[in-house]
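Visitor: compute the structure for the input listed below.
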Amino acid sequence: MLDAMAAPFDILLQQHRELEELLERLASDTDAEDLAHGQEALSRLLRLHSRLEERCVQPLVTRVEGRTRAREEAEDHLTLRELMEELQELTPRGVEWQARLFTLEDLVVAHVQAMEQGVLPRLSASLDSEELEELGHDLALTYEELLERSQHPPASGRGALLEPLHWDA
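Guide: Coordinates of the predicted model:
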């Protein structure tokens with residue numbers, strides 16, 4: 001786990017705990033309404049979390065660890081979102097649904113471990129205190145902006161919450 005340097009990453013760490021909790025609840029819920037609410041909450045949080053990391057953390061991963069590592073992270077996010085979309089199209093508690101849920105859970109656990117035991121500590125070690133403070137500020141502002149946008153989606157066709165990543169932008 002991260003030490004005192006975790007402050008800029010508090011939002012991400014909190015989201016990791018929430019993702020784990022939602023996945024655990026989905027695996028054990030039997031009530032259809034609870035499943036539907038849990039699945040929707042998981043989908044929203046996964047989109048928000050992915051976008052937050054893509055906007056605030058990915059550029060730093062590219063700078064500190066290189067484009068290849070940043071692309072790997074982006075591919076992991078894409079896989080998580082695709083699995084979540086598949087999960088939403090399947091009948092809850094069905095065999096395929098459970099298989100997707102377990103795969104999603106495995107990927108989220110792997111993502112959390114990679115971020116908390118690798119990427120975030122390496123970023124903390126590579127950034128000076130001013131950069132870390134700026135990152136914490138950027139994460140907080142971006143989180144608020146994304147949260148606001150997710151609650152008030154734009155008109156159709158105007159800036160989806162999950163824009164594709166542009167590597168050369």
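
Visitor: who's in contact with stretch 111-120?
Guide: Identification of contacts with stretch 111-120 by CB atoms under 8 Å, 6 or more residues apart in numbering yields 1-2, 6, 9, 12-13, 16, 19-20, 53, 57, 61, 65, 73, 76, 80. Yep, even glycine has a C-beta here, placed from its N, CA and C like the rest.

Visitor: just how off-centre is that stretch within its chain?
Guide: 12 Å (CA atoms, centre = their mean, to the nearest Å).

Visitor: same question for stretch 114-122.
Guide: On CA atoms, centre = their mean, the centre of stretch 114-122 falls 14 Å from the chain's centre.

Visitor: re earlier: which two among the contacts of stretch 111-120 are spaced furthest apart?
Guide: The span of the contacts of stretch 111-120, defined through CB to CB, is set by 20 and 65 at 24.5 Å.

Visitor: between the two, which one's more packed in?
Guide: residue 65 (17 against 14; other CB atoms under 10 Å).

Visitor: and the pLDDT for the residue lying farthest from the centre of the chain?
Guide: Computed with CA atoms, centre = their mean, the residue of the chain farthest from its C-alpha average is residue 31, at 26.1 Å. The model reports residue 31 with a pLDDT of 88.

Visitor: need phi/psi at it.
Guide: The phi/psi pair for residue 31 (degrees, to the nearest 10) reads phi -70, psi 130.

Visitor: tell me how many other residues crowd residue 40.
Guide: Residue 40 has 11 nearby residues by other CB under 10 Å.

Visitor: packing partners for whatever helix or strand it lives in?
Guide: In the assignment (DSSP states H and E), residue 40 maps to helix 32-52. On a contact count with 3 or more CB pairs under 8 Å, 6 or more residues apart in numbering; DSSP states H and E, helix 32-52 meets helix 10-28, helix 67-89, helix 129-151.

Visitor: now with 10 Å, please.
Guide: On a contact count with 3 or more CB pairs under 10 Å, 6 or more residues apart in numbering; DSSP states H and E, helix 32-52 meets helix 10-28, helix 67-89, helix 95-114, helix 129-151.
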